[in-house]
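Quick check, what structure comes out for this input:
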Amino acid sequence: MSFILIVANRIGLTDFEHIAIDGTIKNAYNSSFNIIKEKDISLLIMHYMVEELTKDEIKKIRRTARKFLDDKSKTDEEKVEILFYWWQLLDYSGQVSLALNDHDA
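Alright, predicted model coming up:
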């Protein structure tokens, strides 16, 4: 299986963004690598609204939050709107984490 995935990557059929060994797309989209925690959302809101996080604090947040922070395709205002929207979704659902690709999951 690993050889097939390596070949698929080299010929450009996949970029390894969403691969699940069991073959289900749903599990791949909702994997633990594609979620953001409420704590990280709060820290990012503080980063944009109150005081920027230090480099050490940025290193401590999860990978998905760092990836969101480093995203150059969105302005800071757009990021703040997205963060508040995610925060509302978490507040309504009562959960502590949010699947980034499928909010209904």
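
what bridges to Ile35?
With DSSP bridges as the criterion, Ile35 is bridged to Ala99.

measure it to Met49 for me?
23 Å (C-beta to C-beta, to the nearest Å). From N, CA and C alone the C-beta is placed, and that goes for glycine too.

Compare neighbour counts for these two and give me the winner.
Ile35 (18 against 11; other C-beta atoms under 10 Å).

my guess is the more buried one meets Leu90, correct?
No. Taking contacts as C-beta atoms under 8 Å, Ile35 lies outside contact range of Leu90: 10.9 Å.

which stretches of the chain aren't confidently modelled?
Residue ranges of the chain with pLDDT under 70: 1-2, 5, 14-33, 101-105.

Going along the chain, name the strands of it.
Along the chain, the stretches classed as strands by DSSP state E are 35-37, 97-99.

what sits against the residue positioned nearest the centre of the chain?
Centroid check for the chain by C-alpha atoms, centre = their mean gives Thr64 as the closest residue, at 3.6 Å. Listed by C-beta atoms under 8 Å, 6 or more residues apart in numbering, the contact partners of Thr64 are Phe33, Asn34, Ile35, Ile36, Asp40, Leu100.

in stretch 80-92, what's buried?
For stretch 80-92, burial by neighbour count (16 or more other C-beta atoms under 10 Å) applies to Val80, Leu83, Trp86, Trp87, Leu90.

separation between Ile36 and Leu44?
9 Å.
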